[in-house]
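Asker: sequence unavailable; structure follows:
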């Protein structure tokens, strides 16, 4: 309340970051009233405050009254499908809002039609982040359809949603007609080789896309090679970055990249294990273990399942111990987004005592070392 009163009077502050402050229902109501009266704040970050449905309605009121906000970040607010009703409409009707982050929430297919309308009708949005939600095939169809109609949105992040090949097909259809989008992020979306090739083929008909991110998907090397051949044969290639980070290929893949660069020198292809974006590193046991644990943790969070519940799926005799093969097959069947090579290396790294078994206690103890 004190901060809100001060900011109504202050005419110089233009960016307000309240991320991770547990402001609660009263807090968001004060912020809503302040933003409704403020004409100077253009950037607001209220992420990770878990404001839920009450906060969704407060945001609706805020955006109805305010006309100066250009950037709004609302990641990790525990929004659900029903909260999309006030939020999507308010974003759609705001005349100045250019950048919106709704990642790490619980939106899914039931709210996809609202986001389709929001995307297709917005006249100001340039960047939209819907990553780490619960969209699947049906949601992807609607969201991709909204992108077809939008002539303004340039950067769209839909990563970490389990849309699969069918969802990728619809984004490929969008790329064939969309002439504005410059960045499309479909990292870790359970896309296989069919969906990937559809996306690559669509690029031949797209003149705006600069960056396609499809790392952490199940894309075998032979299909990655085929994709590079398709791009090489494009008479004009706008694409500057093809991100296949965490897709691990043999050294000969470099030859295919060079063949592509011989025709289109500007393109950058990223692949293999990466500690940082664009910086590929040699896999070490420590790196593989850390990546596997982080991926397992994120997968459990995305799918609302505990680590012990996931392990029990592999553990048919309730011994809290499984063979390396059972563990690898269990991760693959569950859809944990690690390549087969990484799954094998991860399982071996967990088996510290070398008994050919992965114990739940070994995973749990290793997980406790993550920061």
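Answerer: That came through, no problem. Nothing here was measured: the structure is a model prediction, and the numbers come from that model.
Asker: tell me what the helix or strand encompassing residue 343 is packed against?
Answerer: Applying DSSP states H and E as the criterion places residue 343 in helix 340-350. Helices and strands touching helix 340-350, by 3 or more CB pairs under 8 Å, 6 or more residues apart in numbering; DSSP states H and E, are helix 285-302, helix 324-334, helix 360-367. Yep, even glycine has a C-beta here, placed from its N, CA and C like the rest.
Asker: tabulate those (TSV), appending mean neighbour count and mean pLDDT.
Answerer: What follows is the helices and strands packed on helix 340-350, written out as TSV (neighbours: other CB atoms under 10 Å; pLDDT from 0 to 100):
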stretch	mean neighbour count	mean pLDDT
helix 285-302	17	83
helix 324-334	17	85
helix 360-367	15	85
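Asker: could I get those as CSV with distance to residue 53?
Answerer: What follows is the helices and strands packed on helix 340-350, written out as CSV (distance: least, CB to CB, whole Å):
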stretch, distance to residue 53
helix 285-302, 21
helix 324-334, 31
helix 360-367, 32
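Asker: mind checking which of those helices is nearest residue 219?
Answerer: Closest to residue 219 of the helices and strands packed on helix 340-350, according to CB to CB: helix 324-334, at 14.9 Å.
Asker: which parts of stretch 105-122 are buried?
Answerer: Neighbour counts over stretch 105-122 (16 or more other CB atoms under 10 Å) mark 105-109, 111-122 as buried.
Asker: and the helices and strands packed on helix 340-350: which comes nearest residue 41?
Answerer: Using CB to CB, these put helix 285-302 closest to residue 41, at 31.3 Å.
Asker: all strands for the chain, in order.
Answerer: 15-17, 43-45, 71-73, 99-101, 127-129, 155-157, 183-185, 211-213, 241-245, 268-272, 274-276, 279-280, 321-323, 357-359 (DSSP state E).
Asker: what would the ones you listed look like in JSON lines with mean neighbour count?
Answerer: Shown next, in JSON lines, are the strands of the chain (neighbours: other CB atoms under 10 Å):
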{"stretch": "strand 15-17", "mean neighbour count": "14"}
{"stretch": "strand 43-45", "mean neighbour count": "19"}
{"stretch": "strand 71-73", "mean neighbour count": "22"}
{"stretch": "strand 99-101", "mean neighbour count": "20"}
{"stretch": "strand 127-129", "mean neighbour count": "21"}
{"stretch": "strand 155-157", "mean neighbour count": "22"}
{"stretch": "strand 183-185", "mean neighbour count": "20"}
{"stretch": "strand 211-213", "mean neighbour count": "21"}
{"stretch": "strand 241-245", "mean neighbour count": "21"}
{"stretch": "strand 268-272", "mean neighbour count": "18"}
{"stretch": "strand 274-276", "mean neighbour count": "11"}
{"stretch": "strand 279-280", "mean neighbour count": "12"}
{"stretch": "strand 321-323", "mean neighbour count": "18"}
{"stretch": "strand 357-359", "mean neighbour count": "21"}
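Asker: perfect, that will be all.
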